[in-house]
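Colleague: Just to be clear, the model below is a prediction. Sequence and coordinates:
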Amino acid sequence: MESIGVLMLIPMNSYLEQELQRRYNLFKLWTAPQKPQFIKEHADSIRAVVGNAFAGADAELIEALPRLEIVSSFSVGVDKIDLAKCREKGIRVTYTPDVLTEDVADLAIGLMLAVLRRLCESDRYVRSGKWKKGDYKLTTKFTGKTVGIIGLGRIGMAIAKRAEAFNCPICYYSRTGKPDTEYKYYPSVLELASNCQILVVACSLTAETRHIVNREVMNALGPKGVLINIGRGPHIDEPELVSALVEGRLGGAGLDVYEHEPEVPEELFGLENVVLLPHVGTATVETRKAMADLVVGNLEAHFSNKPLLSPLV
Ligand SMILES: O=CC(=O)O
């Protein structure tokens, strides 16, 4: 039987790579010196693409792979995949929801604590020997702060549950109110930002949610407000974020994602009210293995004509 060709776009997880290699004819795009040439050469055998939060199947790649049947993303965010094109061509799309929800929500709470209690800055204070010359200054309490969540999906809800344990009142914005929660709903992000102390971006990135946090929203959050982003960089107007922080119009920020990763605006490096992480929301050994198993499980299901485990398209 002809072995099934699977194209992996970038290196993402060695266990996933191994498992794919055991089952399929795995093409690793990043190893090719001439990528377009490589795709052309193997287009006749590639039936699946595996991407992630950084690299997905765009229209050009989809057009270049006439036998493509499925895109299986090693991520919950699918903004790098041309979903409309996949629908149009009958290409299935799977992703990795649920298995990563806890890690991302944990990290969001970690960022809130890190920014308000200045955890990273105080760690630097100890390491640099400054403690010997005097105590670190007072910080801000987290327990009881009002947390506003943009997007009350799986991850948004998991953040809300965790923040509730810190006695934080919860409010949220989403396209429509959720009848099954008692959290306070605001019909606009501006109203949400005006009524919370910590604003968290937890929605998916679409044309509608790009720059959902703009200058006006940051001004509404204000000089004591804290912005947390565990969604995608383009949710926030980044140059506006930099000026709001530099000018003191925003109280602080905890960021796991950026508009042009891995580029991070250098103006942020010297700010003690900012915590910067390198897009690690799902980056634990346990969760990455569960994500890898789901990618492989979806491909196996597809190629044995069984129902997909986590289909999106
Ligand atoms: O950013 C991570 C993901 O989308 O899974």
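Modeller: That came through fine.
Colleague: So what would you say the end-to-end distance of stretch 54-65 is?
Modeller: End-to-end span of stretch 54-65 (CA to CA, to the nearest Å): 20 Å.
Colleague: cool, stretch 124-138 as well?
Modeller: 15 Å.
Colleague: tell me which residues of it are tucked away?
Modeller: Buried residues in stretch 124-138, counted by 16 or more other CB atoms under 10 Å: Tyr125. To be clear about C-beta, it is placed using only N, CA and C from the backbone, and glycine gets the same treatment.
Colleague: Let me know the average pLDDT across that stretch.
Modeller: Taken as a whole, stretch 124-138 has a mean pLDDT of 98.
Colleague: Need the contact partners of that stretch.
Modeller: Contacts with stretch 124-138, where a contact means CB atoms under 8 Å, 6 or more residues apart in numbering, come from Arg118, Ser122.
Colleague: Could you give the separation of that stretch from the chain centroid?
Modeller: 33 Å (CA atoms, centre = their mean, to the nearest Å).
Colleague: Repeat that for stretch 180-198.
Modeller: That offset, for stretch 180-198, works out to 21 Å (CA atoms, centre = their mean).
Colleague: Mind telling me what element Leu245 is part of?
Modeller: Taking DSSP states H and E as the definition, one finds Leu245 inside helix 238-246.
Colleague: Mind exporting the C-alpha coordinates of that helix to CSV?
Modeller: Output in CSV follows, covering the C-alpha atoms of helix 238-246 (Å, rounded to 0.1, in the frame of the first residue of the first chain):
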residue,chain,number,x,y,z
GLU,A,238,0.9,46.8,20.1
PRO,A,239,2.4,50.3,19.3
GLU,A,240,-0.5,51.7,21.3
LEU,A,241,0.2,49.3,24.2
VAL,A,242,3.8,50.4,24.2
SER,A,243,2.9,54.1,24.4
ALA,A,244,0.2,53.5,27.1
LEU,A,245,2.7,51.7,29.3
VAL,A,246,5.6,54.1,28.6
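Colleague: So which residue is smack in the middle of the chain?
Modeller: Gly231 (4.1 Å; CA atoms, centre = their mean).
Colleague: Am I right that that one sits in a strand?
Modeller: No. Read with DSSP: H, G, I helix; E, B strand; the rest coil, Gly231 is coil and lies in no strand.
Colleague: Which residue is the nearest non-sequential neighbour of Asp256?
Modeller: In this structure, Asp256 finds its nearest non-sequential neighbour in Leu277, 4.5 Å apart by CB to CB, 6 or more residues apart in numbering.
Colleague: top strand in this protein by residue count?
Modeller: strand 46-51 (DSSP state E).
Colleague: Could you list every helix and strand in contact with that strand?
Modeller: strand 5-8, strand 70-73, helix 285-303 (3 or more CB pairs under 8 Å, 6 or more residues apart in numbering; DSSP states H and E).
Colleague: still on that earlier bit, near the residue nearest to Asp256, how many other residues are there?
Modeller: 20 (other CB atoms under 10 Å).
Colleague: my read: it touches Tyr258, true?
Modeller: No. Using CB atoms under 8 Å, Leu277 makes no contact with Tyr258, being 9.9 Å away.
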